[in-house]
Structures are given as C-alpha cells and as structure tokens.
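[1] Fold the following for me, if possible:
(4 chains)
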There are 4 protein chains.
Amino acid sequence: MHKYSDIRVGVGGVTGYTGLELMRRLVRHPHADVRVAMASSTSESRRIPALGRLWDAPVEPLDVERLVSETDAVFLALPEAIAAEIGPALAARGTRVFDLSGAFRLRDKGLRRKWYPDTKLEAPGSTYGLTEHYRSELKNAPLVACAGCYPTAAILSLRPLVAAGLIEDGVIIDAKSGVSGAGKTPSERTHFSECHGSIAAYGVFAHRHAAEIEQEVGTAVTFVPHLVPLDRGILETIYARLKPGVGEDAISAVLTAAYAGAPFVRLTGSDLPEIKHVAHTNFCDIGWRVDRPGGQLVMIAVIDNLVKGAAGQAIQNFNVAYGFDETAGLD
Amino acid sequence: MHKYSDIRVGVGGVTGYTGLELMRRLVRHPHADVRVAMASSTSESRRIPALGRLWDAPVEPLDVERLVSETDAVFLALPEAIAAEIGPALAARGTRVFDLSGAFRLRDKGLRRKWYPDTKLEAPGSTYGLTEHYRSELKNAPLVACAGCYPTAAILSLRPLVAAGLIEDGVIIDAKSGVSGAGKTPSERTHFSECHGSIAAYGVFAHRHAAEIEQEVGTAVTFVPHLVPLDRGILETIYARLKPGVGEDAISAVLTAAYAGAPFVRLTGSDLPEIKHVAHTNFCDIGWRVDRPGGQLVMIAVIDNLVKGAAGQAIQNFNVAYGFDETAGLD
Amino acid sequence: MHKYSDIRVGVGGVTGYTGLELMRRLVRHPHADVRVAMASSTSESRRIPALGRLWDAPVEPLDVERLVSETDAVFLALPEAIAAEIGPALAARGTRVFDLSGAFRLRDKGLRRKWYPDTKLEAPGSTYGLTEHYRSELKNAPLVACAGCYPTAAILSLRPLVAAGLIEDGVIIDAKSGVSGAGKTPSERTHFSECHGSIAAYGVFAHRHAAEIEQEVGTAVTFVPHLVPLDRGILETIYARLKPGVGEDAISAVLTAAYAGAPFVRLTGSDLPEIKHVAHTNFCDIGWRVDRPGGQLVMIAVIDNLVKGAAGQAIQNFNVAYGFDETAGLD
Amino acid sequence: MHKYSDIRVGVGGVTGYTGLELMRRLVRHPHADVRVAMASSTSESRRIPALGRLWDAPVEPLDVERLVSETDAVFLALPEAIAAEIGPALAARGTRVFDLSGAFRLRDKGLRRKWYPDTKLEAPGSTYGLTEHYRSELKNAPLVACAGCYPTAAILSLRPLVAAGLIEDGVIIDAKSGVSGAGKTPSERTHFSECHGSIAAYGVFAHRHAAEIEQEVGTAVTFVPHLVPLDRGILETIYARLKPGVGEDAISAVLTAAYAGAPFVRLTGSDLPEIKHVAHTNFCDIGWRVDRPGGQLVMIAVIDNLVKGAAGQAIQNFNVAYGFDETAGLD
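    The predicted structure follows:
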C-alpha cells in the first residue's frame, strides 16, 4: 500500500527486539512506506514468524544496492561493526540513515576507538539523534546517530541543568534496566532463571554509555547500570549537588523552559515517575526532589528502552528530519 | 571432613541447576562424604564460582576410573547419552548409581528407542527411583533411575487411584513448570524477555514424560506441559472421570493409606496446594476436588522441580537405598 | 474536541484496570467523543492521576441523569450490583449500554440468581456481547452484556466445533490468567509476594464463568482457572474427545469458516499460540493439535484479558452496534 | 520436644513474612525450644495455615504474662507501637527481648520522636542488634533492637570505611528492595499488577532508615530506596569519594580486617555480588570497585531482607547473646 508523497523506507536488522518495535510502528506510520526489511543474520530471503501479521513479505539479506535504489531512508538496528560499514556508504549515495547502533555517537576519535574498537571508522559527519536537543540539526542530516537507551534518560534530565550552571561536578547515575536492553541473543546473563528474583550491577566504570552521556551533558559522570527482572523499561536515579542557592524552583524553571515544546518529555515534579507510566510509549518522564537549596538533588527519569530508548526515538528523529509532525506514528 | 562410616559420594554434572541443588544438600548430608565433583562440560580441573562456598575444590572432568576407586555411590546429573554410557559401567564395577537423567527410566525397549534415540542402550537392570513406590526395590539397587520431574507429581497423584480402580481411562494432565525445568543452557526458549509475561504450551503429544507416566501409572494419559514465568516449581492439574459411585471419601482413603508413612507427601484434601508451599522443599503436596460421586475428579499436585523433581528425590532414594533416615539431608 | 457525527460516549467505572484500558482506546477512537468519565467509588468530582494525560477533566460520581442527557452510549466497568441497577434504567431511556460486568450475561434466571445473587435483577433484554458470534444481534441492541474474559477464549474456540458436532461431551478447560484478572482491589490473593514464584488453582467447580461458557457453547464443561505470575493475559488449554473419524482437517475447516471475516481471531493451526503474541492487542489466537482422527483434541487459545477479554471487546461490540469498521480504535 | 538446657522461646507476630521466617528457623534451632507463638492481630487462639507443618499448636493472642512466665527470650516481629509498649515491660521482668521493629533502634530522642511518632517511648536501654559490630554488647543485653533491613547492608559496608577515615562526606546509597520488604498488608503499592514490570523510588529524603544508617555509620547519607519486581532481597549500590591516596587495597584491607571472624559477611572484591547469591541465606555479600586512588568508590552489598535483614539476624543476635555458635539454626 503505497501512500502518495510517502517516504520510501527500509529497515536493516528486523529480527532483534528493537527491529521488531521499529516495524510495528513504521508499518502504521502515516508518512512511511516500508519497502524492504533486511537482516544481517540471514543470507537468504525468508519469512520470520515474529513479524507475522506486520510484514508478510520475506526478510531479505542486507543489500546496500537495494537500499539505495529502493528507499529514501533506512533505519539500521544492526551490530555496530556492520552499521559502521554500511551507514556512511548509504548516506554518501543519498539514502538518509537513522542508525540505532553506537557506531556514530561519539564525536571524539580516541573515545570512539576505545569504546567501539570493532568499528574502525573514520569520523563521518553524523548528527546526534536525541530529538529534543537536536531539532534543527536533524532537518538536513544525512546520517543520524540515534541516542543510546541509558543516555536518553540521562541527557534529557541533566543537559539543561548543566547548561544553566545549576549543579556541581560529580554527578552519579544509578540506572536500572529491564532485560530486553541486553538484546535478544541468548546467554547466561539473559537466562530467565538467572535474572528472575535477582538484581545485578554490571559495567561499573566500563560502560560506553558513560562516555556518550559525558559528551552530551558536558560533565563527568559516575554511571552504574543494573539488570533488574522486568522486560522493558529503564529507571535512572540521578544524584547531583546543587550550586549554592539553587533550589527546586530553579530546577523546575530550567526544565520547564527546556521542554516547553517537547511532546514526549513529561515533567512530573516531586511526583516521582515509575516505569509503568512509560512502558510501551515514547515518553520520558522526569521527576525530582531537593532536600534544601544548595543541597542534594535527586532526579528520577524513566523511559521504555525499546521505544524512547531506541525505535520510538529513531522514528521521532525521522519525523523531525522530514518535517512531519513529531508524534507521527508514535501514539 | 571425613565422617566415620559415611558413604563416599561423587557427583557427575555439577554445573547445571540440578547439580547445584545436589551439591547444596550433599555437602551437609549427615551420612554423605562428597569426595569428587565432576562435569562433562569441562576437560580440565577448574573452580566454579556458583559452587563458591559449597565446594572449594576444583571441579574435575568426568572420570569413571576415579569414580570407581574413590567413591561408593555417584549421583549423575548429566546429559542422558553420557549417563547411558557410564551408568552401567559404574554399576558393574560396584559403584552404586543414582541417575537423574531419563536414560534408564523406560523399561520398554521400543519406547526407550523412540524417546531416547541418542542413548543406544541395552536394557540394564535399573530400579525406578520414585521413593514412595519403590522403597523395597531401592534397598539393594545398583542403578537407580530417578523419576522425572513431571512424572513425580503425576505418578504420586494417580498411581494409587488407578491401582485401586477408582478412575476411568482417559486421564488428562495439564502441567505448568517454572523455567529452570528447561535447563541452564541459554536458548530463545529460556530468554527472560521471551518468558516474562507469557505462557506457552509445548511438547503436546510429543513429550517423553508421558511414556514414563503411563509406565508407572498403568493407564494412558494426555499430557500437556506449559512453561510459565517463574523459576522453580511444577503444578499439575489432573482431570479424571470417577468410576460409578466413587466419591471424595474413597479418593481420600486410598491416598491416605498409600502415603501413611511417606514423610514428603502431604495430602491437603480440598485445600488446593500452591507452588509456594513446596518451593525449596522436597515435599509433594496433593489436593483434590470432586463434583459428585461418579463424576469429575480434579487433582492438584505441586513440587519443586529441582528438589522433589530431581536432586531431593535422588537423595531420598540414596537414603532409602542405604537404610538412612529417609529425610536425612532434606530439611 | 468534538468530531462531527461522533457518538457521544460516557464511561462508568474508570478507576479499575478495565476502565483505564477503555479510556486509553476511547479517547483515540475515530468515532467516539468521550463526554464524561464517572466512577462509583467517588462521591465528588476529582482528578485521577492514572488518567493523567488521557483525560484531564475530573472524574465524576456516577449520575444516571447526566449519562442520559449528555451521552448516546455508555460503557460500564462497574461492580455488577451497580451495573444491574443502572444498566436497564439507561437503556430504557435511550442510552445504549455496553456493560462489562457479569450482571446481564446469563439468560437462565436460576443460574443468574445462583451466580449473581447480589444483582436481584429481573431478566432485561440483553444481547450477549461476543462480537464474532452476535454481529447481527448487536446492530440494534440497547443493552450489550459483553462476554467475560475466560468465556471469550473458550467460546471462540469451542462454539463452532460443538455446533458442527465434531466433539464429544466432557470438555475440559484448564485456564491460566494473569493477576490483573483479579481486579485492582488489594488483597492477599493479589499481593505481589503471594503471586510471585507461585501458581494457584481457584474456583474449582465454583466459578460462574463456567455457566457462561456452557450457555454459549451448548455443552457442559469442567472449568479450572489458575492464577499465574504475570500481569495480563489468559491462556486456555482445552481438552475434548473427537467424534469418530473427526481429524485435524475437519477442525481446521470448521474454524476457518467460522472466522473467515473476523479481524481479531487468528487461527494458528498446529503452531500453538503464546500469551506474548496477543498482549496489549484485541486478538484471540487459537491453535490446536490432534493425536489421531477420532482421538484427543488439544486447543490453545490466548487473549489479553483486559483487551479482547474486556475493554477491546466492548469497543468492538460498540463498533459493530453502530456500523463502524469493526477494528476502529483497536489497533 | 523439649531439649535439655534449651532456651525457652516465644515469638510475637508470627503472621507476617518476618514472623514466618523466624518460625521456620527457630523450630529447627538446636538450642531454642519454641514454647508459644503469638500474634497481635488475633484476639483468640487459632491455627494459621501458613504455619501448617511448622507449628501445629494454635497461635495465641499477645499476652505479656504468659511470655514472662513461659519463656526465657522472645522475638518480636510486631508493629512498632506494640513493640514499644511490651518490649521494655518484658525486659524489665527478665525475659530477654529481640525486637525486629524500629521502635528501639534510634538512640537520639529527637530523631526517635520524629521517625517513630506513634511509639511515644522513653529511651529504654537497648542494644543495637547488628551482630558483626555489637558482639560484646549483645552478651548480656536485655533488649536488642535488631538492625533494619536497609541499614544492615549499608552499615556492614560503610562503618569500617568511615571508622578508618577512608572516605569523604557525602555518601549516596541507592537501594533496591523486593516487595516482601513492604510487608504483608495488601495495598495498591504491593498489588502484583502495580509492581510487575515496574520500578519505583519512594521515601526520598523521608525514610527513617536514613537516620538509622547515619547513627551507626557516623556520617550523613543520601538514601533512596526503590521497589523492584522481585519477592525477596536487597541490593544497595553505595557511592563514596575516596580520601586522597586511598585505593582498592586500603578498602580491601580494612574490610577484610573488620570481617575476619564474621561467618555471614562474604567479601567478593571486584566480583560484584547479586541478590541470587544470598536469597534464602543469612549472608551479606559485599563487593566494590574503585576508578582510581582518591577517586570514586562504588560498593555493592546484597542481603535477603527477610533473613540477614530480619529473622536471620535476630537469631544471629540470639546466638551471640546466649553464647551459642553464631551460625546455629542459620544454615
């Protein structure tokens, strides 16, 4: 069903959790015409049960030539080494790329080499894809590096406060994520019996999302992610010291101004948000408490890692990049 | 710590969920002296974190010679092809074997070939290891085929009723199992995000536990297992038509008589048992309801699949086989 | 936002899980204009956080006069005693009623008195609201008794088979439900720590949904529901003996014919459906296996209890009752 | 079954989760002879199903006179207002009290009044019951205020480091708890459907355990607890700035010395512990990472909130108070 004036869209990497979320929304998107669904894990065209009623055509092997000739824009939910290779190639030939991997997020060459050693990429001109802070840059962006899941909640919470000079250095981000954030590949880490009834911290001082957060927030952070026994959702508890005299009003004023026109950021003030409020939606809910002016700030930010933290955000970037309503396809 | 007059014990297959449960109980067992812990998945001696405070010695590669020379009895929680090979070899050389695989459970050669095609075993003289119904046979058994998890709950519920002629043919067993029953090997089936928030039937008309149940109960059954989002525990809902005139009293009388001296079978009557009542214990709780004499019987049986359905039962068999208190090591 | 030619809609009982699901869908429904949200649990107008971004107006106390004067149709997700009282009053005054309680489902006076003793209702002329089997009756129905959650999956599976004479008497329905099915009122039964890691059967031979199923299927059933540790979703495993000679083909042919034009029934054949396939959707997926012609039939039916089992089905009935596209507001 | 030279024990408050855990362990304790089980929620003697096979005698209404005359020591798992009233009365008459409520934990009168306003208690001479740090004080203590669940993990982690002067002010404790920590009383907060699939922070800047931690650690803390969808277990992620020059070795040395003789504290170093390692045990596992000397310390401490955080700890205190093996009854 081709809609007049639609954007012809391709999706690379439809077999993972993020790819499935992308497909669910894109097939109903009022301005997207999905032309091809590809996967890097298949070498021949085949039907995939999980896409059952969404996409009845077969899933094809990755094919840059077809993407170039048959689509205007592609969403890539691929391993980053593959994204690093085909993303710039597509962009160079005029197919706009919305990449959901980490391959193009870090601007600093040294950090990119450190955290994405497999990608061996020369710095391509990418636009960081956190819609709320990059609306104008997204307009003509050929290659969008959609923000990571943990960074999305952290940056939306902290970037306006740091920019306004409200908080001291030494920010701590204690993040809790559902298991879908660990991807679909079976492992001991994602085995039901290993996750159920337990919580585990991981990647302490060694998670590449810390570098991404620091790049976008502009201050050093201590970032500790935890795996918790739920499927989808991230809750981040953010701790910062307020600058002298800064109180709840200043925090509220700065955040309110920052997200005045943002349809997917909901500020809940001292009513702290919970994951269930945002599951299956593209919202990021942010609440906060202050013990006293100049004292301790505690912020709580929640997102659905597969939606605002991945597929939803990519579509939100697509909407802004093409001048559609920012919420198109995202209810 | 060698205890005088203890049985020298070896465990083969300590890295799975069942092996771990065995080790937890055996190291504290008053009459077992664990001498060696082995795994089929390792080719060299190594320490295993999950055994941390239970077993500080390394885990060794499987070694029949060492088992023969250093132990009196071995517990095997191994893939059945391996169990099928070494079980009879050990038994032939005087080491008593408590096997937790399915390799030796089916007495019928044709059924064994059908359901355990990898095992290629000649029928060895094994004793079926459901303690409550094989106490005297266990006394001098060289090779005990411990009952399967689903069969344990089903046989304990049905065998006395069938033997007493209380129920008609056409029994239905609807079984619900926690995910640990699917084993520790990571797979899409056991991925947290695939199990969480879902239920799935599997193995309909094609689960080898049906044959095991039929062998021990003496009537044909329709057996449908389901995977549910919890870690450990099995609940079976058993449906049978009562013979004319048979009512709740007859059911109650037969079961009470059957399990008069059974420390791990608890009859709860019309108070239907739940998995939480037996989790982490060696109990099998059985409750039942009858709509009217000669009508429909609904029984509910619950066990912890890793304890009464595996490790606990094996130790219970060991206790009876050696003449120890049946509950030794099993509180 | 009033849409020209929309139906003016009221919702009674917006504070429970079903009421919330109704509101989520109705506020976006292309032909419904929600005018008022009421609750029986409130005696004054107040805002309700859970409705936050869905419904910014206050929730009002129940008020039949207002419903009559301000709406064309009402959805009632109320305790059945209240529904029994106001449903007929509304219908008599020309407001069409889509009732989600059990108050009007049973046609037999004696059964209604037995299973709904609090409702003391005279038999009003209601239409049973299982869309797939009552499309023509729904057209002009003043009072629709929307089908119960368990009955929806059972009736969709069994009614065509019984009508076609394919199965013997003595059907067994083993149902597993998520905890939201027990309602929002806190109790020991719904306490997280009581449900987590456990499964419990309840209402054996004493659940009123059995009577509802029997009324609509036309044969006696043994119905055993179980509470399982997930939030939303029902899986029913249905056991029936096939009439002599009846095999998989006959089952398939009858079901395919029955649901040829049904947008929300998906027949999956021998691929058995799982709850995750239908969670958050209005689909009922039905699969089945047969051991041999004339033998045992095992069917698996899954729905989301809050959607196809409640709010979604009510809207589906509304759509058919008003001649809208059956799927309106239900993607 | 009275054991010669046993301590005659009573338990007040056996119907909650903590009371049940106490009973499970005390009835098997080698030196405790449970004489009476009481509950504040009952006004007449009655049998309680959950205690089924543990305690076949009825549960009695609370009765100070009987406790004085029939027991040597009592464990109180009661609402704090009741504990505040009867604890000192019992102690004054020679019955030793192990109280699991918060009534006697805070030494500062003002803080006690602020955080336990219902208790209206005069400061009785209580001993803080965190075994590892109060062994000698426990010997002759008439009234032991067993440590709270969150404080147990926090104090065991931080107290030695603060005492040794290794960390700066400004400690942050991000705590995650299973739902059993919220108690057995049904509420919206503990409803399965509200907890499942979600995480929520609560009590920010307003949880009385912060005062208890500060009292025992000797430094101010920012404490944010979260409810996560699991039944039992607490994981605390603790953030502290190291004093200049302090590195991993110093942390390790101080903790190793502090817990050299502590059978229930396991130091895991840079292997961070997970809740599943301690569930159903009395262990507190503590791990840590340091980014660089003088930099950021991240500690992870895990306990089972119902065992080391409540019932197990109370028994450990009892063991030390009476000079028994510290681990008696706690395997």
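
[2] which parts of the stretch 151-300 of chain A sit against chain C?
    Those residues of the stretch 151-300 of chain A that sit near chain C, judged by CB under 8 Å from any CB of the partner chain, are A:Gly197, A:Arg266, A:Asp271, A:His277, A:His280. C-beta coordinates here come from the backbone N, C-alpha and C atoms, glycine included.

[3] which one among those gets closest to B:Thr18?
    A:Gly197 (18.0 Å; CB to CB).

[4] For the residue in the stretch 101-250 of chain A positioned nearest to chain C, give me its contacts.
    Per CB to the nearest CB, A:Gly197 is where the stretch 101-250 of chain A lies closest to chain C, at 7.1 Å. Shown in contact with A:Gly197 (CB atoms under 8 Å, 6 or more residues apart in numbering or on different chains): A:Pro229, B:Asp231, C:Gly197, D:Gly178, D:Leu230, D:Asp231, D:Arg232, D:Gly233, D:Ile275, D:Lys276, D:Ala279.

[5] Recalculate using a threshold of 7 Å.
    Counting by CB atoms under 7 Å, 6 or more residues apart in numbering or on different chains, A:Gly197 makes contact with A:Pro229, B:Asp231, D:Leu230, D:Asp231, D:Ile275, D:Lys276, D:Ala279.

[6] Kindly report the same for A:Ala321.
    The contact partners of A:Ala321, by CB under 7 Å, 6+ apart, come to A:Arg96, A:Leu138, A:Lys139, A:Ala141, A:Val144.

[7] what separates it from chain B, distance-wise?
    30 Å (CB to the nearest CB, to the nearest Å).

[8] picking up where we left off before, please identify which of the residues of the stretch 151-300 of chain A next to chain C is nearest to chain B.
    For these, the nearest to chain B is A:Gly197 (6.1 Å; CB to the nearest CB).

[9] Show me how the record splits chain A into domains.
    For chain A, automatic domain parsing gives the domain ranges A:7-147+A:309-321, A:150-304.

[10] Let me know which of those is the nearest to B:Arg46.
    Nearest to B:Arg46 among these is domain A:150-304; the distance by CB to CB comes to 16.1 Å.

[11] The closest one spans what distance, first to last residue?
    From the first residue to the last, domain A:150-304 extends over 10 Å; the measure is CA to CA, to the nearest Å.

[12] now do stretch A:242-253
    End-to-end distance for stretch A:242-253: 15 Å, by CA to CA.

[13] who touches it?
    Stretch A:242-253 has contacts (CB under 7 Å, 6+ apart) with A:Leu161, A:Gly165, A:Leu166, A:Ile167, A:Glu168, A:Gly269, A:Trp288, A:Val290, A:Pro293, A:Gly294, A:Gly295, A:Leu297.

[14] Could you dump the residues you listed into TSV and include distance to B:Phe205, pLDDT and neighbour count?
    What follows is the contacts of stretch A:242-253, written out as TSV (distance: CB to CB, whole Å; pLDDT from 0 to 100; neighbours: other CB atoms under 10 Å in any protein chain shown):
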residue	distance to B:Phe205	pLDDT	neighbour count
A:Leu161	61	98	26
A:Gly165	69	98	11
A:Leu166	66	98	21
A:Ile167	63	98	21
A:Glu168	66	97	15
A:Gly269	57	96	15
A:Trp288	57	98	24
A:Val290	63	97	22
A:Pro293	70	96	14
A:Gly294	70	96	14
A:Gly295	66	97	14
A:Leu297	60	98	25
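
[15] and chain B, which of those contact it?
    The subset of the contacts of stretch A:242-253 within reach of chain B, by CB under 7 Å from any CB of the partner chain, is empty.

[16] Including secondary structure, could those go into a markdown table?
    Converted to a markdown table, the contacts of stretch A:242-253 look like this (DSSP: H, G, I helix; E, B strand; the rest coil):
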| residue | secondary structure |
| --- | --- |
| A:Leu161 | helix |
| A:Gly165 | coil |
| A:Leu166 | coil |
| A:Ile167 | strand |
| A:Glu168 | coil |
| A:Gly269 | strand |
| A:Trp288 | strand |
| A:Val290 | strand |
| A:Pro293 | coil |
| A:Gly294 | coil |
| A:Gly295 | coil |
| A:Leu297 | strand |
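
[17] For C:Tyr17, state which of these is nearest.
    Nearest to C:Tyr17 among the contacts of stretch A:242-253, with distances taken as CB to CB, is A:Gly269, at 26.1 Å.

[18] I figured that closest one hits A:Gly287, correct?
    Yes - A:Gly269 lies in contact with A:Gly287 (CB atoms under 7 Å); the separation is 6.1 Å.

[19] still on that earlier bit, quick one, which of the contacts of A:Ala321 are buried?
    Neighbour counting over the contacts of A:Ala321 (16 or more other CB atoms under 10 Å in any protein chain shown) leaves A:Arg96, A:Leu138, A:Ala141, A:Val144 as the buried ones.

[20] Okay, and A:Pro117 sits in which element?
    Under DSSP states H and E, no helix or strand contains A:Pro117.

[21] thinking again about what came up before, can you redo the contacts of A:Gly197 as CSV with neighbour count, pLDDT and secondary structure?
    Compiled in CSV, the contacts of A:Gly197 are given as follows (neighbours: other CB atoms under 10 Å in any protein chain shown; pLDDT from 0 to 100; DSSP: H, G, I helix; E, B strand; the rest coil):
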residue, neighbour count, pLDDT, secondary structure
A:Pro229, 26, 98, coil
B:Asp231, 25, 97, coil
D:Leu230, 28, 97, coil
D:Asp231, 25, 97, coil
D:Ile275, 26, 97, helix
D:Lys276, 20, 95, helix
D:Ala279, 22, 95, coil
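
[22] Reformat the contacts of stretch A:242-253 as JSON lines; add distance to chain D.
    Listed next are these as JSON lines, based on distance: CB to the nearest CB, whole Å:
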{"residue": "A:Leu161", "distance to chain D": "17"}
{"residue": "A:Gly165", "distance to chain D": "20"}
{"residue": "A:Leu166", "distance to chain D": "17"}
{"residue": "A:Ile167", "distance to chain D": "14"}
{"residue": "A:Glu168", "distance to chain D": "10"}
{"residue": "A:Gly269", "distance to chain D": "13"}
{"residue": "A:Trp288", "distance to chain D": "9"}
{"residue": "A:Val290", "distance to chain D": "8"}
{"residue": "A:Pro293", "distance to chain D": "14"}
{"residue": "A:Gly294", "distance to chain D": "13"}
{"residue": "A:Gly295", "distance to chain D": "9"}
{"residue": "A:Leu297", "distance to chain D": "10"}
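
[23] just the residues you listed now: which is nearest B:Leu121?
    Using CB to CB, the contacts of stretch A:242-253 come closest to B:Leu121 at A:Trp288, 66.2 Å.

[24] Could you tell me how many residues sit around the residue nearest to the closest one when sequence neighbours are not counted?
    Nearest residue to A:Trp288 in three dimensions, chain neighbours excluded: A:Met299, at 4.4 Å (CB to CB, 6 or more residues apart in numbering or on different chains). Per other CB atoms under 10 Å in any protein chain shown, the neighbour tally for A:Met299 reads 26.

[25] Spell out which residues of chain A are next to chain B.
    Counting by CB under 7 Å from any CB, the positions of chain A adjacent to chain B are A:17, A:179-180, A:184, A:186-188, A:190-193, A:195-197, A:231.

[26] By neighbour count, which of the residues you listed wins?
    When neighbours are counted by other CB under 10 Å, A:Cys195 leads those with 29 neighbours.

[27] Quick one: residues contacting the closest residue to that one other than its chain neighbours.
    Of all residues not flanking A:Cys195 in the chain, B:Phe192 sits nearest, at 4.5 Å (CB to CB, 6+ apart). By CB under 7 Å, 6+ apart, the contact set of B:Phe192 is A:Val179, A:Thr190, A:His191, A:Phe192, A:Cys195.
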